[in-house]
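Student: model the following, please.
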Amino acid sequence: MRKIGFLLIMCLALIVIVTPSASVKAYTSSWQDVEGYSNCEVRVWTDAQNYYEGATSINAYAESNNCPKLYYDMYVMDGTTDAISDIKPGYFSYRTPTKYFNITSNYPYDVYIGVNLYDSPSHNNLVDVYRSEPLFVH
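Tutor: Residues are numbered from 1 along each chain as shown. This is a model prediction of the structure:
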């Protein structure tokens, strides 16, 4: 009976050691200067850089450094400047709330988080367009 218990424990330990980790690493793009504002920078955080089969959403937020209140539209974009997701508007002076973008079958292999920045709530005056580093949908 002891041998069976020992073998069972060893098998479980081996499964834990050999099973690949399903953990996801957050991914942060580099800071980019915002045109027209001295020392104002923006970057985008996402929950991962690679999204594998079974992933259901891209979770993202934007951060700013030394910026006034900025208004934004955030979206998933393809390699051009076209939005391929819902556009999520808002405003921030330090960090946006996390936005959730459902992964759909029409996403190409490489996508980006796009953030259009405006200086007013009417979104009439586009200040700058931020594009994250590429994200990969496998």
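Student: quick one: contacts for the most centrally placed residue in the chain?
Tutor: Residue closest to the mean C-alpha point of the chain, counted by CA atoms, centre = their mean, is T46 at 2.3 Å. By CB atoms under 8 Å, 6 or more residues apart in numbering, the residues touching T46 are 26-28, 58-60, 113, 132, 135. In this view, the C-beta of every residue, glycine as well, is placed from N, C-alpha and C.
Student: show me what it bridges to in the sheet.
Tutor: Per DSSP bridges, the residues bridged to T46 are Y27, A60.
Student: do the same with Y51
Tutor: Here Y51, judged by DSSP bridges, has bridge partners V137.
Student: got it, and R95?
Tutor: E63.
Student: surely it meets N65?
Tutor: No: R95 sits out of contact with N65 when judged by CB atoms under 8 Å, with a separation of 10.3 Å.
Student: those strands in the protein, which residues are they?
Tutor: 27-28, 32-33, 41-46, 50-51, 57-65, 70-77, 88-92, 99-102, 110-118, 126-131, 135-137 (DSSP state E).
Student: redo the ones you listed as a markdown table? Include mean pLDDT.
Tutor: Rendered in a markdown table, the data for the strands of the chain read as follows (pLDDT from 0 to 100):
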| stretch | mean pLDDT |
| --- | --- |
| strand 27-28 | 92 |
| strand 32-33 | 96 |
| strand 41-46 | 96 |
| strand 50-51 | 95 |
| strand 57-65 | 97 |
| strand 70-77 | 97 |
| strand 88-92 | 97 |
| strand 99-102 | 97 |
| strand 110-118 | 96 |
| strand 126-131 | 93 |
| strand 135-137 | 94 |
